[in-house]
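Novice: from the sequence below, what's the structure:
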Amino acid sequence: MKKSLVLAGLLAIGSTAAMADIYVGVDYGANANTQKASGAFTDSRSNKYGDFSFKVGGGTDGDWKSQLRISSISYDKPTFDSTHKTLIEFGGDIIKEFTIDSVKNLYPYVKVGLGVGSMSVDGYNQSSITEVSYKAGVGVSYKAIKHVYIIGGVDYVGRKWQDIQINIAGDTVSITDGGAQPYIGVNYAF
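Specialist: Numbering: from 1, shown residues only. Sure, this is the predicted structure:
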């Protein structure tokens, strides 16, 4: 019964998005997150990153929207080794926009999302490492002209990396990170 309700809900969201306005967009965000390592060693450090995302979505202004995104996330400091600092992540978000009667074309919103990504690594028993992320945030979308929306907001982004084993010592390292990520972007609606 629960599976059929979930499937029916996903089909309803999908069919609503398919019939609604479609948009493409880009975002750029920056995060001064804290990475925490445990296992073979325990460490906590700041590791800033920039997040450039391309997205495709659908929905109605002032109501529900959903989007898929691909992100290139570049860390200031290496997370796992001295050579690789870029994470490629695929994700999806659900957005609920609100209308303000006294302000035309301004849509505050709340957003939740999930992502999964991969980064190349050297010196471990794997050549790449995967991660899963979640985000929750708030923002505002402003319809500047007929098809163009300027957006901005802040997301809290948490990330859990796959446990990885160091080849030399055979020790396992577990890394998590999280922090607030302000971002700006532009959407073009068809």
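Novice: sec struct for Gly62, please.
Specialist: coil (DSSP: H, G, I helix; E, B strand; the rest coil).
Novice: so what's it up against?
Specialist: By C-beta atoms under 8 Å, 6 or more residues apart in numbering, the contact set of Gly62 is 97-99, 107. Glycine gets a C-beta too; all of them are placed from N, C-alpha and C.
Novice: please apply the same query to Ala189.
Specialist: 21-23, 147-149.
Novice: do the same with Thr99
Specialist: Applying C-beta under 8 Å, 6+ apart, we find Thr99 in contact with 61-62, 107.
Novice: tell me which helix or strand comes right after the helix or strand of the chain with the lowest mean pLDDT.
Specialist: The weakest-scoring helix or strand in the chain, judged by mean pLDDT, DSSP states H and E, is helix 2-19 (a mean of 48). Downstream of helix 2-19, the next assigned helix or strand under DSSP states H and E is strand 21-39.
Novice: mark which of the contacts of Gly62 are buried, thanks.
Specialist: Restricting the contacts of Gly62 to buried positions leaves 97, 107, with burial counted as 16 or more other C-beta atoms under 10 Å.
Novice: low-confidence ranges, the chain, go.
Specialist: 1-20, 40-41, 82, 84, 123-125, 166-170 (pLDDT under 70).
Novice: how about the strands of it, start to end?
Specialist: Under the criterion DSSP state E, the chain contains strands at 21-39, 43-59, 64-75, 86-97, 106-120, 128-145, 148-161, 164-165, 172-189.
Novice: by contact count, what packs against the fifth one?
Specialist: Right, strand 106-120. If you count contacts as 3 or more C-beta pairs under 8 Å, 6 or more residues apart in numbering; DSSP states H and E, strand 106-120 packs onto strand 64-75, strand 86-97, strand 128-145, strand 148-161.
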